[in-house]
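Undergrad: Next input, structure requested:
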Amino acid sequence: MRGTKIAFFLAALLLAIPPGFTQSAFGYLSGITNPPPVTAQVHHEEGPGLLPADRVYVTIGAEKFAFLVPAGYKLEQSSGRVVTMATADYSCQIAFRLAGPMPADGGELNPGVYSAKVMETFPGAAILRTFSAFAEGRQGPAFEIQLTGAGGAARRGKLAFIPSRTSVLQFSLTCSPEKFEEASRQLNTVMLTFRASDAQGELHVSPLSDKL
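TA: Coordinates of the predicted model:
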């Protein structure tokens, strides 16, 4: 029942996305000098009128972020500059990090620039599809890739680059090919529930209502 209600919640969020948006590894991209450390904590949220949920709260310097932990995933120890969530068997991993500063002109992110970054991060990977991804009302380029993991195992992945007030945000997924579709839906959960602090440093998060 909880999974059904969360699915309704996510469907409602999707309906609020403006027309033209589509939804949708881990190498740290150049552009940030001496980046601040990352801290991440999971808070379990429940109470009258609310759906039980686990939410990750992330602090990077003066910026704060939050997003839901997808069903079947748990927060791994955030190392250095990345926050990673993984399934119990580690066949799928979802990560969040800063990918670099915003372009000086403040304009839209150039897909060509970020496709090159993908290939720098994953030499030998093949970009299967380029599309637009969406998080917190902002749009950026995203890429579906095919790559080879440890021991020669086939892997599939997605990387999305989303502009924010000061930085480019990177959302990443890698998983075994047979779990790619389900893992993509879980990445959507992260991006649909993603929130960032405002110019005053305030982070505004809405709990999940059980009335949806």
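
Undergrad: Distance-wise, check Gly137 relative to Gly100.
TA: When CB to CB, to the nearest Å is the yardstick, Gly137 and Gly100 sit 20 Å from each other. C-beta: built from backbone N, CA, C; applies to glycine.

Undergrad: And those two? Which one has more around it.
TA: Taking neighbours as other CB atoms under 10 Å, Gly137 and Gly100 compare with Gly100 leading, 19 against 10.

Undergrad: host element of that one?
TA: Applying DSSP states H and E as the criterion places Gly100 in strand 92-101.

Undergrad: what's the answer for Arg185, then?
TA: In this structure, Arg185 is located in helix 180-192 according to DSSP H and E.

Undergrad: Return the list of helices and strands in contact with that helix.
TA: Applying 3 or more CB pairs under 8 Å, 6 or more residues apart in numbering; DSSP states H and E, we find helix 180-192 packed against helix 2-15, strand 63-68, strand 92-101, strand 126-135, strand 154-163, strand 167-175.

Undergrad: Could I have the CA atoms of the fifth one written out in PDB?
TA: Once non-C-alpha atoms are left out, strand 154-163 reads as follows in PDB (Å, rounded to 0.1, in the frame of the first residue of the first chain):
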ATOM      1  CA  ALA A 154      28.100  -5.200 -18.900                       C
ATOM      2  CA  ARG A 155      26.600  -2.200 -17.200                       C
ATOM      3  CA  ARG A 156      24.000   0.400 -18.100                       C
ATOM      4  CA  GLY A 157      23.900   4.000 -16.800                       C
ATOM      5  CA  LYS A 158      22.400   7.400 -16.900                       C
ATOM      6  CA  LEU A 159      24.000  10.800 -16.000                       C
ATOM      7  CA  ALA A 160      22.000  14.000 -15.700                       C
ATOM      8  CA  PHE A 161      23.400  17.500 -15.300                       C
ATOM      9  CA  ILE A 162      21.100  20.100 -13.800                       C
ATOM     10  CA  PRO A 163      21.800  23.800 -13.200                       C
END
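
Undergrad: returning to that earlier point: what angle do strand 154-163 and the helix holding Arg185 make with each other?
TA: If you take axes from the mean of the first three to the mean of the last three CA atoms, to 10 degrees, helix 180-192 sits at 20 degrees to strand 154-163.
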